[in-house]
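Chemist: give me a 3D structure for the following:
(one chain, ligands or ions: 1)
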Amino acid sequence: MHMIFDTHAHYDDEAFDEDREELLAAMNAGGIGTIVNACAAIDGLDKTVALMEKYPFIYGAVGVHPDDADKMTDETLDRIRMLCRHEKTVAVGEIGLDYYWHKEKEEHRIQQDMFRAQMDIAREEKLPFMVHSREAAEDTLQIVREYVKDGMYGGIIHCFSYSKEIAREYLNMGLYLGIGGVVTFTNGRKLKEVVEYAPLSQLLLETDCPYLAPKPHRGKRNSSLNLPLVVAAIAELKGVSEETVIRVTEENAKKLLMKTEEK
Ligand SMILES: [Zn+2]
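Modeler: Numbers count the residues shown, from 1 in each chain. Prediction:
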């Protein structure tokens with residue numbers, strides 16, 4: 001039986017402190033087969049390792065979000081590189097650029113430096129990358145294009161929020177788009193167009209929980225158990241069954257992320 005593969009969640013977030021264990025114990029019955037916990041803050045690195053060592057179905061993406069780029073040191077980069085060699089690490093992420101929360105040119109420069117440093121690690125450690133990009137379409141595209149041209153091991157544009165035209169650029173590079181709760185939003189028309197346009201073979205399911213709960217839970221704490229709502233929205237847009245969406249996105253995720261299992 002095929003099960004939902006959540007490629008991007010933050011179960012180390014304090015929003016889950018009260019009931020993390022019960023919630024994760026409910027995943028299998030809720031049809032969720034595999035979860036990738038993505039590091040965001042620097043202190044998320046150790047928390048992600050703890051989760052992937054405790055739960056057989058949780059894997060990890062190690063990296064630091066652009067929000068924390070200015071707090072990163074050489075030591076942080078060394079730690080990320082070391083954690084890439086953990087048998088359950090499947091990607092470097094989430095890394096990238098966020099100009100929505102950070103408007104200063106100097107901040108952008110630091111974010112770009114740390115993005116590149118972590119893309120270097122992904123290449124050297126032969127892992128896919130997982131990109132966060134907000135209000136930074138052009139700079140992100142330029143950096144990703146440059147890296148892919150010189151050879152990478154695949155990648156995901158997580159929580160894709162740009163136009164169909166930009167989606168086309170990433171799809172042509174053979175990358176995957178992470179699709180979550182936004183596709184169910186009434187004002188999510190731009191993403192709906194992207195999902196209609198993109199081949200199902202390049203889409204992945206993700207929650208980004210505790211954030212971005214799908215309709216009708218918008219604004220509440222999200223979890224992987226809400227992914228069937230995202231599956232339903234994608235199935236409707238693509239004119240295929242929900243079962244097909246679950247099966248193909250699971251195959252996509254395994255193809256991209258689980259090839260490192262024999263590491
Ligand atoms: Zn995230």
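
Chemist: where along the stretch 151-263 of the chain do the strands fall?
Modeler: Taking DSSP state E, counting those that start in this stretch to define them, one finds strands in the stretch 151-263 of the chain at 155-157, 176-179, 203-205.

Chemist: most neighbours per residue, which of the ones you listed?
Modeler: Across the strands of the stretch 151-263 of the chain, the average number of neighbours (mean count of other C-beta atoms under 10 Å) peaks for strand 155-157, which reaches a mean of 28. For glycine as for every other residue, the C-beta is placed from the backbone atoms N, C-alpha and C.

Chemist: now find how far off-centre the longest strand along the chain is within its chain.
Modeler: The residue-count maximum for a strand in the chain (DSSP state E) belongs to strand 89-98. Remark: strand 89-98 is offset 7 Å from the chain centroid, using C-alpha atoms, centre = their mean, to the nearest Å.

Chemist: partner strands of it, with direction?
Modeler: strand 58-61 (parallel), strand 129-134 (parallel) (DSSP bridges).

Chemist: helix or strand right after the first one?
Modeler: Think strand 58-61. helix 74-83 (DSSP states H and E).

Chemist: any idea of the angle that next one forms with strand 89-98?
Modeler: 150 degrees (axes from the mean of the first three to the mean of the last three C-alpha atoms, to 10 degrees).

Chemist: can I get the strands of the stretch 151-263 of the chain in JSON lines with distance to Ala235 and mean pLDDT?
Modeler: Formatted as JSON lines, these follow (distance: least, C-beta to C-beta, whole Å; pLDDT from 0 to 100):
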{"stretch": "strand 155-157", "distance to Ala235": "21", "mean pLDDT": "98"}
{"stretch": "strand 176-179", "distance to Ala235": "12", "mean pLDDT": "98"}
{"stretch": "strand 203-205", "distance to Ala235": "11", "mean pLDDT": "98"}
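
Chemist: after the longest strand of the chain, which helix or strand is next?
Modeler: helix 105-124.

Chemist: against which helices or strands is that next one packed?
Modeler: helix 74-83, strand 89-98, strand 129-134, helix 137-149 (3 or more C-beta pairs under 8 Å, 6 or more residues apart in numbering; DSSP states H and E).

Chemist: so which of those is the most packed in?
Modeler: strand 89-98 (a mean of 28).

Chemist: just the CA coordinates for it, please, in CSV.
Modeler: What follows is strand 89-98 as a C-alpha-only set of coordinates in CSV (Å, rounded to 0.1, in the frame of the first residue of the first chain):
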residue,chain,number,x,y,z
THR,A,89,20.1,12.4,6.5
VAL,A,90,18.5,12.7,3.0
ALA,A,91,19.0,16.3,2.0
VAL,A,92,20.7,19.7,2.9
GLY,A,93,17.9,22.1,4.0
GLU,A,94,16.2,24.2,4.5
ILE,A,95,18.5,26.7,2.9
GLY,A,96,18.0,29.7,0.6
LEU,A,97,17.0,33.3,0.6
ASP,A,98,14.2,35.2,2.4
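
Chemist: show the contacting residues for the nearest residue to Leu175 once chain neighbours are set aside.
Modeler: Among residues not flanking Leu175 along the chain, Gly155 sits closest, at 4.9 Å (C-beta to C-beta, 6 or more residues apart in numbering). Residues in contact with Gly155 (C-beta atoms under 8 Å, 6 or more residues apart in numbering) are 122, 128-131, 144, 148, 175-176.

Chemist: perfect, I'm done here.
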